[in-house]
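Predicted structure and sequence below. I'll ask about it afterward.
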Amino acid sequence: MGVYRLLLAMLVAVSHMGVTFLGLNPGVVAVVSFLIISGFVMTSLIERTYNRPGQIGLFYIDRLLRLYPQFLVYFVLSCAVIHFLLPGTPQAAALTLENIATSLPILPLGFYMFGITVPEILPPGWSLGLEMCFYLLIPFLILYKTRGIVFALSVTVFMIASLGYLDTDIYGYRLLPGVLFIFLCGSYLYRAQAKGLWIAFVTLLVAALMFLAIVMGIIPRRPFNAEVTLGIALGLPTVYLLSRLKHHRLDEFLGNISYGVFLNHFVVMYVLRAFWPVAYSGLIIMAVLVLSFALSGISYYGVERPALKLRHALRAGVKYDATRTPVVSTAA
């Protein structure tokens with residue numbers, strides 16, 4: 001899924017440069033696929049490695065080692081670029097000690113809409129806050145077999161928000177209660193059995209019908225309800241099919257640089273805005289993407305790879321302990 005993840009990161013980047021497709025925001029559609037992939041990968045990681053309640057803390061350390069190193073690099077770099085190159089801008093106004101302190105833990109960025117912090121320093125960070133909320137919850141849902149009831153509750157919140165009875169943007173896209181079922185669809189796709197495939201298929205079908213109803217005006221268009229439903233309808237079959245493909249080294253490399261592209265494109269945009277403050281033409285969009293790729297390659301090998309070694313060592317230690325300690329079933 002490496003090429004797909006890089007494509008999703010590129011769609012997020014171009015959406016932040018004002019690109020739309022048929023009036024739809026491609027970045028939102030891409031983020032939905034990221035949620036599905038996250039649900040799939042976290043389920044794989046928990047079932048293969050962190051499959052006992054006593055290992056939940058180690059799972060959290062694993063996830064911090066995944067998210068934090070490159071986030072910290074690009075957050076600090078973004079602060080420096082804003083301070084030195086973009087004085088007098090809204091981004092510079094957001095560069096306060098309070099906002100920096102509340103942004104660094106990542107999790108508060110997922111609740112920026114309540115005034116906890118300001119996301120302008122590194123705007124994609126809000127979705128990492130959402131990811132961290134999911135990471136905190138998913139081990140318990142899998143180990144204690146409670147995905148079904150939580151899935152149903154999340155679908156209920158999403159439907160209420162999509163129909164306008166709650167803020168559609170906040171509760172139908174940005175907060176965990178309304179999108180947890182999307183993560184869980186990806187979870188059900190891992191080692192999918194009949195029940196999991198049935199849940200994913202019904203979710204896909206309902207999402208596709210909702211998207212058509214929104215496009216046709218039967219359901220009123222509200223912030224991102226069309227993009228989220230389209231993202232579900234496209235993302236579920238894509239992730240399912242790609243997860244069946246064999247591993248390839250080039251695919252892995254492209255997937256490795258996708259996280260950096262997701263994080264750093266705003267830093268590149270800030271720099272270009274300082275020296276070349278013009279509209280985002282096709283040439284400038286290509287320049288942003290090329291520079292993002294290059295910067296991501298540097299940060300992957302310089303920052304991500306050392307953290308990856310720590311994660312592998314952590315997992316190897318967990319598996320070694322598992323061979324020495326009898327596993328007690330949580331269902332007992």
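Noted; the coordinates are in hand. What you are looking at is a predicted structure, and each value in this text was computed from that prediction instead of being measured.

Could I get the buried residue list for the helix or strand where Thr156 lies?
In the assignment (DSSP states H and E), Thr156 maps to helix 147-162. For helix 147-162, a neighbour-count test (16 or more other C-beta atoms under 10 Å) marks 147, 150-151, 154-155, 157-159, 161-162 as buried. All C-beta spots, glycine's among them, are computed from the backbone N, C-alpha and C.

helices or strands next to that helix in the packing?
helix 125-143, helix 176-189, helix 194-215, helix 225-242 (3 or more C-beta pairs under 8 Å, 6 or more residues apart in numbering; DSSP states H and E).

May I see those organised as JSON lines, with mean neighbour count, mean pLDDT and distance to Phe71 added?
As requested, the helices and strands packed on helix 147-162 are arranged in JSON lines below (neighbours: other C-beta atoms under 10 Å; pLDDT from 0 to 100; distance: least, C-beta to C-beta, whole Å):
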{"stretch": "helix 125-143", "mean neighbour count": "21", "mean pLDDT": "97", "distance to Phe71": "6"}
{"stretch": "helix 176-189", "mean neighbour count": "26", "mean pLDDT": "98", "distance to Phe71": "19"}
{"stretch": "helix 194-215", "mean neighbour count": "16", "mean pLDDT": "96", "distance to Phe71": "30"}
{"stretch": "helix 225-242", "mean neighbour count": "22", "mean pLDDT": "97", "distance to Phe71": "23"}
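
can you redo those helices as JSON lines with distance to Asn256?
Shown next, in JSON lines, are the helices and strands packed on helix 147-162 (distance: least, C-beta to C-beta, whole Å):
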{"stretch": "helix 125-143", "distance to Asn256": "17"}
{"stretch": "helix 176-189", "distance to Asn256": "20"}
{"stretch": "helix 194-215", "distance to Asn256": "27"}
{"stretch": "helix 225-242", "distance to Asn256": "16"}
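
For Thr20, which of those helices is the nearest?
With C-beta to C-beta as the criterion, Thr20 lies closest to helix 225-242 of those, at 9.9 Å.

With just CA atoms, put the closest one into PDB.
Only the C-alpha atoms of helix 225-242 are listed here, as PDB (Å, rounded to 0.1, in the frame of the first residue of the first chain):
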ATOM      1  CA  ASN A 225     -20.300  15.000   4.000                       C
ATOM      2  CA  ALA A 226     -19.900  14.200   0.300                       C
ATOM      3  CA  GLU A 227     -16.100  13.800   0.600                       C
ATOM      4  CA  VAL A 228     -16.300  11.500   3.600                       C
ATOM      5  CA  THR A 229     -18.900   9.200   2.100                       C
ATOM      6  CA  LEU A 230     -17.000   9.100  -1.200                       C
ATOM      7  CA  GLY A 231     -13.800   8.400   0.700                       C
ATOM      8  CA  ILE A 232     -15.500   5.400   2.400                       C
ATOM      9  CA  ALA A 233     -16.900   4.100  -0.900                       C
ATOM     10  CA  LEU A 234     -13.500   4.300  -2.700                       C
ATOM     11  CA  GLY A 235     -11.200   3.600   0.200                       C
ATOM     12  CA  LEU A 236     -12.700   0.300   1.500                       C
ATOM     13  CA  PRO A 237     -12.400  -1.700  -1.700                       C
ATOM     14  CA  THR A 238      -9.000  -0.200  -2.500                       C
ATOM     15  CA  VAL A 239      -7.500  -1.000   0.800                       C
ATOM     16  CA  TYR A 240      -8.900  -4.500   0.700                       C
ATOM     17  CA  LEU A 241      -7.500  -5.200  -2.800                       C
ATOM     18  CA  LEU A 242      -4.100  -3.700  -2.100                       C
END
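
Next, please give the residue ranges for the strands of the stretch 201-332 of the chain.
In the stretch 201-332 of the chain, no strands are defined using DSSP state E, counting those that start in this stretch.

Okay, now the unreliable bits of it?
Filtered on pLDDT under 70, the stretch 201-332 of the chain yields the residue ranges 320, 322-332.

how about the helix or strand that contains Glu98: buried residues?
For Glu98, the host element (DSSP H and E) is helix 97-103. Buried residues in helix 97-103, counting neighbours by 16+ other C-beta under 10 Å, are found at 99-100, 102-103.

closest to Leu189 among those?
Ser103 (32.3 Å).

relative to helix 125-143, how tilted is the helix holding Thr156?
150 degrees (axes from the mean of the first three to the mean of the last three C-alpha atoms, to 10 degrees).

May I have helix 147-162 exported as CSV, CA atoms only?
C-alpha atoms of helix 147-162 as CSV (Å, rounded to 0.1, in the frame of the first residue of the first chain):
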residue,chain,number,x,y,z
ARG,A,147,-15.6,-3.4,18.3
GLY,A,148,-19.2,-4.2,17.3
ILE,A,149,-21.0,-2.1,19.9
VAL,A,150,-18.6,0.8,19.4
PHE,A,151,-19.0,0.6,15.6
ALA,A,152,-22.7,0.9,15.9
LEU,A,153,-22.5,3.9,18.3
SER,A,154,-20.0,5.6,15.9
VAL,A,155,-22.2,5.1,12.9
THR,A,156,-25.1,6.6,14.8
VAL,A,157,-23.0,9.8,15.6
PHE,A,158,-21.9,10.0,12.0
MET,A,159,-25.4,9.7,10.5
ILE,A,160,-26.8,12.3,12.9
ALA,A,161,-23.9,14.7,12.0
SER,A,162,-24.2,14.0,8.2
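
Can you give the contact residues for the helix holding Glu98?
75, 79, 108-109, 116-119, 121-122, 125 (C-beta atoms under 8 Å, 6 or more residues apart in numbering).
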